[in-house]
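**Student:** fold the following.
(one chain, ligands or ions: 2)
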Amino acid sequence: MSSPASAALAGRKVGLLFGSFNPIHTGHLILANFLATHTDLAEVWLIVSPQSPFKTEAELLPEAARFDLVQRAIAGNDQLRALDVEFSLPKPSYTIDTLDVLRAQHPECRFVLLMGGDNLLGLPRWKAADRLLAEYEIYVYPRPGYALPDPLPPAVQVVNAPLLDISATFIRRCLREGTSVRYLIPEAVEQQIRARGYYV
Ligand SMILES: Nc1ncnc2c1ncn2[C@@H]1O[C@H](COP(=O)(O)OP(=O)(O)OP(=O)(O)O)[C@@H](O)[C@H]1O
Ligand SMILES: O=C(O)c1ccc[n+]([C@@H]2O[C@H](COP(=O)([O-])O)[C@@H](O)[C@H]2O)c1
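**Tutor:** Ligands and ions are numbered 1, 2, ... in the order given. Modelled structure (predicted):
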């Protein structure tokens with residue numbers, strides 16, 4: 001695939017932040033923007049997973065609605081991009097399969113996996129974990145309450161990003177209970193959630 005956007009990324013590193021984004025919140029956004037602006041990453045792409053292999057979430061909004069909220073959240077930030085590439089892949093969403101597709105679509109980019117310390121601890125249980133570690137760089141941000149493995153695998157670098165103790169679980173609870181989510185999610189996301197009656 002060759003477009004002006006992909007030509008600009010030739011040889012550059014692109015960070016991939018995978019998640020359910022149910023819904024996207026300020027914690028995700030601060031992290032993604034920090035990684036796109038304070039590291040050697042040219043862009044960060046947020047990949048909305050229809051179904052994470054390890055999550056059985058009763059309140060999972062349809063993927064198209066979660067993707068729409070991500071797009072609203074990052075509108076105007078040209079270093080962040082939302083991808084729906086996993087929507088046409090089998091479920092659950094295995095990261096290695098998505099990476100194979102992305103690498104074929106964007107051979108010009110150097111993809112870097114972004115993950116929290118919580119996910120790094122579980123990585124040995126991911127599909128083709130050995131390939132993930134051998135073929136990709138991984139930037140890990142510490143998450144409070146989760147110690148990083150010692151020693152770290154050679155492909156892993158720690159990035160000390162500022163982190164907010166916000167989770168999508170907490171946001172959904174606030175919406176259900178009718179308490180404020182102001183500043184925890186962007187205003188445009190809150191407006192759409194309320195207009196559509198999501199998570200009540
Ligand atoms: N507050 C946060 N700060 C930094 N990273 C986060 C934060 N919340 C989630 N992440 C990371 O963002 C990615 C996507 O997260 P996910 O969509 O599962 O959100 P979540 O808030 O953890 O959701 P849930 O509460 O439903 O489990 C994961 O890699 C996760 O580690
Ligand atoms: O590929 C795997 O085996 C795998 C195992 C667990 C999680 N993931 C991906 O990691 C992302 C975050 O997952 P989670 O469960 O923390 O929301 C999400 O996009 C999942 O599809 C991927």
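**Student:** which parts of the protein sit against ligand 1?
**Tutor:** Taking Cβ under 6 Å from any ligand atom as the measure of proximity, the chain contacts ligand 1 at 17, 19-22, 27-28, 31, 115-116, 118-119, 163-164, 166-169. (Each C-beta comes from the backbone N, C-alpha and C, glycine too.)
**Student:** kindly supply the ChimeraX command isolating those of the residues you listed that are buried.
**Tutor:** Filtering these down to the buried ones (16 or more other Cβ atoms under 10 Å) takes a single ChimeraX command:
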select :17,19,20,21,22,27,28,31,115,116,119,163,166,168
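**Student:** the residues of the chain next to ligand 1: which ones sit near ligand 2?
**Tutor:** Among the residues of the chain next to ligand 1, ligand 2 is touched by Gly19, Ser20, Asn119 when using Cβ under 6 Å from any ligand atom.
**Student:** now, which of those residues sits nearest ligand 1?
**Tutor:** Taking Cβ to the nearest ligand atom as the measure, Gly19 is the one of those closest to ligand 1, at 2.4 Å.
**Student:** the closest one against Leu46, yeah?
**Tutor:** Yes: the criterion here is Cβ atoms under 8 Å, and Gly19 meets it with Leu46 at 7.2 Å.
**Student:** common neighbours of the two, please.
**Tutor:** Common contacts of Gly19 and Leu46 (Cβ atoms under 8 Å, 6 or more residues apart in numbering): His28.
**Student:** which SSE is immediately downstream of the helix or strand of the chain with the lowest mean pLDDT?
**Tutor:** In the chain, no helix or strand scores lower on mean pLDDT, DSSP states H and E than helix 4-8, which sits at a mean of 72. Going down the chain from helix 4-8, the next helix or strand is strand 13-19, by DSSP states H and E.
**Student:** and whichever helix or strand comes after that following strand with strand 13-19, angle?
**Tutor:** Tracing the chain C-terminally past strand 13-19 and defining elements by DSSP H and E, one meets helix 26-38 next. Per axes from the mean of the first three to the mean of the last three Cα atoms, to 10 degrees, the angle that helix 26-38 makes with strand 13-19 is 170 degrees.
**Student:** for helix 26-38, name the packing helices and strands.
**Tutor:** Using 3 or more Cβ pairs under 8 Å, 6 or more residues apart in numbering; DSSP states H and E, the elements in contact with helix 26-38 are strand 13-19, strand 41-48, helix 63-74, strand 80-83, strand 137-141.
**Student:** how close does the nearest residue to Glu137 once chain neighbours are set aside sit to Leu29?
**Tutor:** Using Cβ to Cβ, 6 or more residues apart in numbering and skipping the chain neighbours, the partner closest in space to Glu137 is Val112 (4.7 Å). Per Cβ to Cβ, to the nearest Å, Val112 is found 18 Å from Leu29.
**Student:** dihedrals phi and psi, Arg172?
**Tutor:** phi -60, psi -40 (degrees, to the nearest 10).
**Student:** in three-state terms, label the residue nearest to Ala10 when sequence neighbours are not counted for me.
**Tutor:** Distance criterion Cβ to Cβ, 6+ apart; nearest residue to Ala10, sequence neighbours excluded, is Glu108 at 4.2 Å. Recorded secondary structure, Glu108: coil (DSSP: H, G, I helix; E, B strand; the rest coil).
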